[in-house]
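Chemist: okay, predicted coordinates and the sequence, questions at the end:
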Amino acid sequence: MESKKKKILVLEDEKPLARALELKLVHEGFEVITSSNGEGVISLIEKNNFSLIICDMLMPKFDGFQVLQTLSDKKLKIPVIVLTNLSQSEDEKRVRALGASDFYIKSDTPITTVVERIKQILETT
């Protein structure tokens with residue numbers, strides 16, 4: 001067992017989903033920080049050593065596209081899983097071009113699927 005928990009940032013403005021993700025990830029042994037919008041997220045990322053980010057695309061003030069663009073601009077190599085209600089293939093292409101490792105549509109994806117993918121990603125990092 002690792003002495004230091006891997007830290008995950010959950011950027012999600014739907015509070016019930018954010019809480020469900022937080023509870024499930026903590027249960028799986030991760031440390032979790034949540035934020036309901038992308039505003040101030042870059043300073044949060046710079047102050048913490050996140051192993052992974054779960055990012056909604058449609059958030060107030062600073063959306064997921066802006067988060068991904070800023071991560072790319074700053075050359076921050078943190079795996080990002082997009083969990084969104086956007087279902088257009090153009091949106092998926094755009095987030096992948098900005099560096100997202102995975103793209104899930106909220107209504108089609110159980111939380112357990114996302115958590116299993118997180119575990120797969122973090123086992124290799």
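Modeler: Yep, it's here.
Chemist: tell me the pLDDT at the residue nearest the centre of the chain?
Modeler: For the chain, Ile54 is the residue whose C-alpha lies nearest the centre (Cα atoms, centre = their mean; 1.1 Å). Confidence at Ile54, expressed as pLDDT, is 97.
Chemist: doesn't it fall inside a strand?
Modeler: Yes. Read with DSSP: H, G, I helix; E, B strand; the rest coil, Ile54 is one of the residues of a strand.
Chemist: OK, contacts around it?
Modeler: Taking Cβ atoms under 8 Å, 6 or more residues apart in numbering, we find Ile54 in contact with 8-12, 21, 80-81, 83, 114, 118. C-betas here are computed from N, CA, C, even on glycine.
Chemist: out of these, the closest to Phe62 would be?
Modeler: Among the contacts of Ile54, Leu11 lies closest to Phe62 (Cβ to Cβ), at 9.2 Å.
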